[in-house]
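Visitor: please work out how this folds:
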Amino acid sequence: MSFSKWIGGGLGWAFGGPIGGILGFAIGAVMDHIQGPQAEGPTAQGQGQRPRMGTTTGGDLAMSLVVLTAAMMKADGRVTQRELDHVRRFFSQQFGAQQAGQLLILLRDALKREIPLNDVVSQIRHNMPHPVRLQLVHYLLGLANSDGQMHRSEFELLKHIAHGMGISDKDLGSLSAMFRTLDPSAAYQVLEIERAATDDDVKKAYRRMAMKFHPDRVAQLGDEVQKAANEKFKKVQEAYETIQKERGMK
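Guide: Just a heads-up that it's a prediction; the model follows:
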């Protein structure tokens with residue numbers, strides 16, 4: 001999926017509201033770079049724009065990720081070049097080098113602006129379906145873990161964001177456990193069950209989680225997002241296989 005498609009015909013409700021307000025100038029600049037000086041981008045600060053209801057697009061997910069990444073980076077009051085390089089590597093891994101560069105243009109602009117986090121999170125919750133919100137939190141967890149560790153302050157902010165988006169503690173715990181070594185303890189957390197669960201409960205939990213995290217639930221967002229969603233799906237399968245092996249289940 002090309003970036004111009006993300007922002008042009010591919011940008012839906014994120015074009016307006018607080019997300020559009022934060023990224024309005026930067027989106028216009030990127031469109032000028034892609035299409036030339038006659039390109040039409042969102043109005044400055046998103047004035048006069050209202051979120052368009054309907055299916056969430058890959059552009060909506062990307063813009064939400066950029067703004068929430070900026071909020072996380074600004075949480076400690078300072079942004080370093082090391083952090084920007086860290087985000088660049090993560091974006092490149094997830095979306096490819098070209099799109100990562102374009103996302104960083106938006107991120108650098110977002111870092112200069114005040115981010116009304118609760119308003120942004122509310123916009124996402126009311127417009128983005130639950131499977132896509134899960135993918136968004138998975139991206140944020142991946143970003144926080146990509147330097148090999150998750151700082152407590154990062155997790156507390158992620159927890160605040162997740163709760164605001166309507167993501168339960170169980171779902172957040174499951175997603176977080178996917179970034180740990182999948183020993184039996186983490187495997188049970190991925191499947192959102194206790195060790196005392198029966199074998200039948202384990203099988204039911206696996207079917208439930210496989211359905212919740214199936215890549216087809218975000219297929220409309222493009223190949224890059226579906227590929228990332230497949231990582232979650234594989235972790236559910238690995239968790240089930242780990243528990244099967246521990247219990248000697250067939």
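
Visitor: what residues sit buried inside the helix or strand Gln94 falls within?
Guide: Per DSSP states H and E, Gln94 falls inside helix 81-95. Within helix 81-95, the residues scored as buried using 16 or more other CB atoms under 10 Å are Glu83, Val87, Arg88, Phe90, Phe91, Ser92, Gln94, Phe95. In short, each C-beta sits where N, CA and C put it, glycine included.

Visitor: ok, the last one - contacts?
Guide: Just to be clear, that refers to Phe95. Ala62, Leu103, Glu224 (CB atoms under 8 Å, 6 or more residues apart in numbering).

Visitor: in helices only, show me those.
Guide: Ala62, Leu103, Glu224 (DSSP state H).

Visitor: go ahead and confirm the second one touches Phe91.
Guide: Yes. At 5.1 Å, Leu103 and Phe91 qualify as touching, with contact defined as CB atoms under 8 Å.

Visitor: could the contacts of Phe95 go into TSV alongside distance to Ser185, neighbour count and pLDDT?
Guide: Converted to TSV, the contacts of Phe95 look like this (distance: CB to CB, whole Å; neighbours: other CB atoms under 10 Å; pLDDT from 0 to 100):
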residue	distance to Ser185	neighbour count	pLDDT
Ala62	34	30	89
Leu103	35	24	88
Glu224	32	16	84
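
Visitor: run the chain-centre distance for the helix holding Gln94.
Guide: What separates the centre of helix 81-95 from the centre of its chain is 14 Å, taken as CA atoms, centre = their mean, to the nearest Å.

Visitor: what do you get for stretch 226-240?
Guide: Centroid displacement of stretch 226-240 relative to its chain, using CA atoms, centre = their mean, is 15 Å.

Visitor: now name the helix or strand holding the closest residue to Leu117 other than its chain neighbours.
Guide: In this structure, Leu117 finds its nearest non-sequential neighbour in Ala71, 5.1 Å apart by CB to CB, 6 or more residues apart in numbering. Using DSSP H and E, Ala71 sits within helix 58-74.

Visitor: so what's the residue count around Arg207?
Guide: 12 (other CB atoms under 10 Å).

Visitor: separation between it and Val236?
Guide: Counting by CB to CB, to the nearest Å, the separation of Arg207 from Val236 is 10 Å.

Visitor: next: Gly21.
Guide: Counting by CB to CB - Gly21 and Val236 are separated by 37 Å.

Visitor: what's the answer for Ala228, then?
Guide: 14 Å.

Visitor: who's more crowded, these two?
Guide: Val236 (24 against 19).

Visitor: tell me the least confident of the buried residues of helix 81-95?
Guide: Within the buried residues of helix 81-95, the minimum per-residue pLDDT falls on Glu83 (82).

Visitor: hang on, isn't it packed against Met72?
Guide: No. Checked against CB under 8 Å, the pair Glu83 and Met72 is beyond contact range at 9.4 Å.

Visitor: measure the spatially most central residue of the chain to Phe155 for me?
Guide: A centroid search over the chain (CA atoms, centre = their mean) returns Leu136, at 1.9 Å, as the residue closest to the centre. Relative to Phe155, Leu136 is positioned 16 Å away (CB to CB).

Visitor: over to His130?
Guide: 21 Å.
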